[in-house]
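**Q** Any chance you could fold what I've pasted below:
(one chain, ligands or ions: 1)
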Amino acid sequence: MKSTVLLAASAAALLAGCASGPTAEQQAALVDDARKASGALVQKLGGELKAALSEKGPDGAIAVCKERAPQIAAEVSKQSGMSVKRVSPKNRNPAGIPDAWEAEAQAGLEKRLAAGEKPETLDTWQIVATSAGKEFRYARALPTQPLCLTCHGDAATIPDSVKARLAAEYPFDKATGYAPGTVRGIVSISRPL
Ligand code: HEC
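**A** The predicted structure follows:
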């Protein structure tokens with residue numbers, strides 16, 4: 001009798017633990033991991049992009065965005081144990097469409113940018129409930145720097161050779177017309193809990 005009561009009590013405690021989700025400390029650790037992972041992606045990709053632009057010119061650098069960006073995201077995902085990718089409401093890669101959470105997160109970051117926050121440190125996160133259980137979600141703004149405009153700016157700022165390659169490789173490209181200092185997209189990170 002007694003042991004049954006004890007068992008029932010501990011199961012209830014376990015369930016209560018699940019329902020309340022990660023503790024404040026666990027949440028802080030998740031955010032820390034996500035900041036490190038998104039920082040690693042931004043640094044690695046930015047470094048390779050700059051090097052390719054100066055060594056091979058903008059045409060050659062397109063390959064870095066096309067091939068290296070997903071590879072770097074996969075490496076960072078593996079290292080961090082979280083799913084890490086880039087998405088944008090004006091996506092170039094057909095797979096880069098944001099889901100509802102990501103779209104809302106980016107809209108919120110854009111508001112904070114307009115209210116005067118620094119673009120380099122703009123991020124947000126949330127523990128969300130899904131049909132499969134709780135999930136940690138994180139978004140970090142990817143601000144448009146002057147160098148991004150070679151491939152994401154107005155028609156006037158994109159060299160003709162780049163325009164031709166983009167038209168050939170991304171016939172449904174929406175990722176042009178950006179001004180410096182705006183949010184080009186986000187690094188989106190998620191981890192089931
Ligand atoms: C040399 C051209 C080039 C430059 C410079 C460049 N990009 Fe891109 N960008 C691309 C290409 C090509 C893709 C599509 C990559 C793919 O196929 O996944 C892309 C995709 C992206 C995506 C993923 C979402 C989407 O639209 O598919 C983001 C976010 C992004 N770029 C941000 C930036 C930022 C921020 C900078 C400046 C730091 C930058 N890019 C500079 C060519 C470039």
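**Q** Pull out the buried residues from the longest helix along the chain.
**A** Using DSSP state H, we find that the single longest helix of the chain is helix 24-63. Neighbour-count burial for helix 24-63, counted by 16 or more other CB atoms under 10 Å, picks out 27, 30-31, 33-35, 37-38, 40-42, 44-45, 48-49, 52-53, 58, 61-62. All C-beta spots, glycine's among them, are computed from the backbone N, C-alpha and C.
**Q** repeat for stretch 95-102
**A** Going by 16+ other CB under 10 Å, stretch 95-102 has these buried residues: 96, 98, 101-102.
**Q** If you average the pLDDT over it, what comes out?
**A** Per-residue pLDDT over stretch 95-102 has a mean of 96.
**Q** Which is the succeeding secondary structure element to the longest helix of the chain?
**A** helix 69-80 (DSSP states H and E).
**Q** is the ligand contacted by the next helix or strand after that next one?
**A** Counting by DSSP H and E, the element after helix 69-80 in chain order, helix or strand, is strand 83-87. Yes - Strand 83-87 reaches the ligand (CB under 6 Å from any ligand atom) through 86-87.
**Q** Toward the C-terminus, what is the element adjacent to strand 83-87?
**A** helix 100-114.
**Q** Please compute how far that following helix lies from its chain's middle.
**A** How far helix 100-114 lies from its chain's middle: 12 Å, per CA atoms, centre = their mean, to the nearest Å.
**Q** pLDDT weak spots in the chain?
**A** 1-19 (pLDDT under 70).
**Q** need the residues of it near the ligand, please.
**A** Proximity of the chain to the ligand, by CB under 6 Å from any ligand atom, involves residues 46, 49, 58, 61-62, 65-66, 69-70, 86-88, 91-93, 96, 142, 144-145, 147-148, 150-152, 175, 184-185.
**Q** so who does residue 33 touch?
**A** For residue 33, the contact set (CB atoms under 8 Å, 6 or more residues apart in numbering) comprises 80-82.
**Q** next one: residue 167
**A** residue 173.
**Q** Kindly provide the distance from it to residue 155.
**A** 11 Å (CB to CB, to the nearest Å).
**Q** before we move on, the earlier item: looking at the buried residues of stretch 95-102, which one is closest to the ligand?
**A** residue 96 (3.3 Å; CB to the nearest ligand atom).
**Q** Isn't the closest one up against residue 73?
**A** No - Residue 96 is beyond contact range of residue 73, at 10.9 Å (criterion: CB atoms under 8 Å).
**Q** anything in contact with each of the two?
**A** 85-86.
**Q** and the contacts of residue 33, which are buried?
**A** For those, a burial check counting by 16+ other CB under 10 Å picks out 80, 82.
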